[in-house]
Structure formats: C-alpha cells, structure tokens
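Asks: Pasted the sequence and its predicted model underneath.
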Amino acid sequence: MLRFDIPPVNSNVARLEAFITFSFCLIALLGYPYLLPLLALMGFVRGFWGHYKCPSHRLFTKVMVKLNIAGKKENAGAKMFANKILFVAATIASILFYSGNSLWRVPATALVIFSTLEWLFSFCAACWVYSYWYKLFPPK
C-alpha cells in the first residue's frame, strides 16, 4: 500500500542506509556484535515513526541533497516495512547475543544478504514482499 501521508525517501539515501546495515552486520559477524542494538533502534525509528524522524536519515538526506547525489524519490511505505523487518531481526539478534546464544548469527547473516541486495543491486526484498502482499490482500 502506497503511503502518501509521509514524505517520500530518496533512493540513494535508502541505499546508503542499507550499506550501513550491511557494514554493522558484517562487523558483528566478524566478532563485534555490539552495534546490533543501534541497528534495532534505527529500524524502529524509521519503521514505526518514519524516516524523517530518524536523525541519521535526516543527516544523510541533507548531505546527499547538498552534494546532488540523493537520487530519485521513492514511496516510503515499503521502506518503512523493510525497516520494521530490520528492527525485528536486529532485536532478535541482540537478544540472542546478549543471552549468550550463538544463533544471533542467523538474523545477522540474513540482514547481510538482504541489505547487500539493496545497496549493491537496488533490489529491496522486503519492498517486493510488501507490494506482493497488498496485491494479494488489498485493503478494504
């Protein structure tokens, strides 16, 4: 479902955020998973409150617009859905890590894979699922 009640996001800013997610998760998998709660926080703010309430998104947008590399505008609904998934996965990974369970690597690896698809190939798997879901079950 397209969201017209919130401002659209710039495509390259979303790609930069995916690259940051990729980087944080790769660093976590290399033995330093202490940034995973920060990913959960960013996913929560961007997913439930909107991208323009996230300080990092606002900073990235401001810098990239000034440099004229922000990209085209995209509807924020699917990106918010993707950030909700980021929140859930990063929260699960954080809880598992801080409870001493080595299964935290599973959601972190999934985030590496899907964020790589986003920043490298501009393919947002969560966005695809989001649009497919609303084709199957349109709102009444």
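Replies: Ah, there it is. Numbers count the residues shown, from 1 in each chain.
Asks: Quick one: list the elements packing against the helix or strand residue 116 falls within.
Replies: Residue 116 belongs to helix 105-121 when assigned by DSSP states H and E. Counting contacts by 3 or more C-beta pairs under 8 Å, 6 or more residues apart in numbering; DSSP states H and E, helix 105-121 packs against helix 11-29, helix 76-98, helix 125-136. For every residue, glycine as well, the C-beta is placed using N, CA and C.
Asks: Now render these as CSV, adding distance to residue 108 and mean neighbour count.
Replies: Output for the helices and strands packed on helix 105-121, formatted as CSV (distance: least, C-beta to C-beta, whole Å; neighbours: other C-beta atoms under 10 Å):
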stretch, distance to residue 108, mean neighbour count
helix 11-29, 5, 21
helix 76-98, 5, 21
helix 125-136, 16, 14
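Asks: can you redo the ones you listed as a markdown table with mean pLDDT and distance to residue 61?
Replies: Compiled in a markdown table, the helices and strands packed on helix 105-121 are given as follows (pLDDT from 0 to 100; distance: least, C-beta to C-beta, whole Å):
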| stretch | mean pLDDT | distance to residue 61 |
| --- | --- | --- |
| helix 11-29 | 97 | 5 |
| helix 76-98 | 96 | 12 |
| helix 125-136 | 87 | 19 |
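Asks: Now do the helix holding residue 116 against helix 125-136, angle only.
Replies: Orientation check (axes from the mean of the first three to the mean of the last three C-alpha atoms, to 10 degrees): helix 105-121 against helix 125-136 gives 90 degrees.
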